[in-house]
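Visitor: build me a model from this:
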Amino acid sequence: MKEKSKSWIMVVFSVLVAAVLIIGPNTSAEAATKHLKIGVIMPISGPISVVGMALSRGFEICFDKVNERGGLKVGADRYIIDLIVEDSKLSPDGAGAAARKLVHKDGAKFVIGAILSQSAVAIYQVCAPAKALHVISWLDVPTHPGDVSPQKPFAVRVAISSDVMYEMDYDYLKQTYPKSKRVVVVAPDGGYERMIERATEVAKTRGIDIVGVEMWPMGTSDFLPVYTKALSHKPHAIHAMVSAQANYQLRAARQLGFTGPFFSDSPLGPDVILRTAGPDASHDVFCNGMDINHATPVMKDVMSRWQKKYNEPFVSDTLMAYDMGWILVQGIEKAGSVDPTKVVKMFDSLTAPGSLKTSFGPGSMGGFQRFGVNRVLTRSLPISRLRQGKIEFVGFKTPIIQ
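Guide: Just a heads-up that it's a prediction; the model follows:
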């Protein structure tokens, strides 16, 4: 009996050894152990840290979901995404330092960030020589040198531009507040002249006059002096231009007695505005942030994952970051490669409506007429309204494509 037992053990052992030799090292399990480092640079400290943290978490949720399904599917291989988040400190110097760490120390082939145009310049200056792809997550001044162009082969923007919202925002102002004929634009002093010109032209064609422009320095936290000057123009409505601090601006305007319409072209969510400015200030306000009470199925999944992972009040800016991560994943998988050059080439080709999926609906890449390359995301945009301290979802609008 003992001899027979030994014989069976030897047979089983031989079969196992043979199986290992036949299957070899290139099994699907082994392929899934490959890793791809993706860096994210966000302002997780400073005056818009709430936004920066929400965006960072959006990428985390997206890549967690990808890793749960076995990672990125790239040809016959699978890659687990290793996300590395760095703080831009809302400055070009901080963004540049973060990019150098991600590219040269961590070996990231894809770097997502940041928000300011000058920060985008600093990131690209690091990425381009290393042939790492700079995935522009937001740009406060479209067509700025930090934006995409034919001269920048390692840059793609997976975010919309604020100024494509002007037509829909001024249309909504005219429709909902027809007596508001005088508008003051309040904008950062970061090179927004072209955007102010564009807003002025759009407003004029709708019978609305821009009667004043007030600029504020980056890093401003007290907006009362700025809005004291803005209200001296006696506006019927206020346009808070490209600001993740529109919530604080609204609070200042209301404190100074302004009761008219206030609108923001930033994707800052109405939930953040309401939470920060308070119900009393949150009336006759509209913005291009998403009302999470009217979330799409994908958005609901993101919100559920947020609650399980962080157990904190949801910040709707997370949705935009989730989409950006998802779009990058789609670009890599469609390219069938983690080579940034091939991924950019794939993005250039995704111009047909519905080529990309987003939580806001179908999307695609565009922008050739304006930027010279098809490397800017286009998708439907939301309009949300705050009225009597409550959020109302107006709906999705299709902007004029760049």
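Visitor: only C-alpha atoms for contact and neighbour calcs from this point on.
Guide: Will do.
Visitor: what ranges does the stretch 101-250 of the chain have for its helices?
Guide: In the stretch 101-250 of the chain, the segments counted as helices under DSSP state H, counting those that start in this stretch are 117-130, 166-176, 193-204, 224-231, 246-255.
Visitor: how about the shortest one: buried residues?
Guide: This points to helix 224-231. Neighbour-count burial for helix 224-231, counted by 16 or more other Cα atoms under 10 Å, picks out 224, 226-227, 230-231.
Visitor: equivalent analysis for the third one, please.
Guide: Buried residues in helix 193-204, counted by 16+ other Cα under 10 Å: 195-196, 198-203.
Visitor: distance to Val285 and pLDDT for those residues - can I get that in a markdown table?
Guide: As requested, the buried residues of helix 193-204 are exported to a markdown table (distance: Cα to Cα, whole Å; pLDDT from 0 to 100):
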| residue | distance to Val285 | pLDDT |
| --- | --- | --- |
| Met195 | 21 | 91 |
| Ile196 | 20 | 95 |
| Arg198 | 22 | 93 |
| Ala199 | 18 | 96 |
| Thr200 | 20 | 97 |
| Glu201 | 22 | 96 |
| Val202 | 20 | 96 |
| Ala203 | 18 | 98 |
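Visitor: now those in JSON lines, with distance to Gly52?
Guide: Converted to JSON lines, these look like this (distance: Cα to Cα, whole Å):
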{"residue": "Met195", "distance to Gly52": "23"}
{"residue": "Ile196", "distance to Gly52": "25"}
{"residue": "Arg198", "distance to Gly52": "28"}
{"residue": "Ala199", "distance to Gly52": "27"}
{"residue": "Thr200", "distance to Gly52": "30"}
{"residue": "Glu201", "distance to Gly52": "32"}
{"residue": "Val202", "distance to Gly52": "30"}
{"residue": "Ala203", "distance to Gly52": "31"}
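Visitor: low-confidence stretches in this structure?
Guide: The chain contains residues with pLDDT under 70 at 1-33, 400-402.
Visitor: repeat that for 50
Guide: Filtered on pLDDT under 50, the chain yields the residue ranges 1-2, 4-6, 8-13, 15-32.
Visitor: mind listing what the longest strand seen in it pairs with, with the direction of each?
Guide: Ranked by residue count, the top strand of the chain under DSSP state E comes out as strand 77-87. Strand pairing for strand 77-87, determined by DSSP bridges: strand 34-42 (parallel), strand 72-74 (antiparallel).
Visitor: nearest to Thr398, of the ones you listed?
Guide: Comparison of the strands paired with strand 77-87 against Thr398 by Cα to Cα identifies strand 34-42 as nearest, at 27.8 Å.
Visitor: between that closest one and helix 117-130, how big is the angle?
Guide: Put simply, strand 34-42 runs at 150 degrees to helix 117-130, going by axes from the mean of the first three to the mean of the last three Cα atoms, to 10 degrees.
Visitor: so after strand 34-42, what's the next helix or strand?
Guide: Sequence order places helix 49-68 as the next helix or strand after strand 34-42, per DSSP states H and E.
Visitor: other SSEs contacting that next one?
Guide: Counting contacts by 3 or more Cα pairs under 8 Å, 6 or more residues apart in numbering; DSSP states H and E, helix 49-68 packs against strand 34-42, strand 77-87, helix 297-310, helix 317-335.
Visitor: residues contacting that helix, please?
Guide: Contacting residues not belonging to helix 49-68 are listed as 40, 42-45, 72, 80-81, 83, 85, 244, 268, 302, 305-306, 315-326 [Cα atoms under 8 Å, 6 or more residues apart in numbering].
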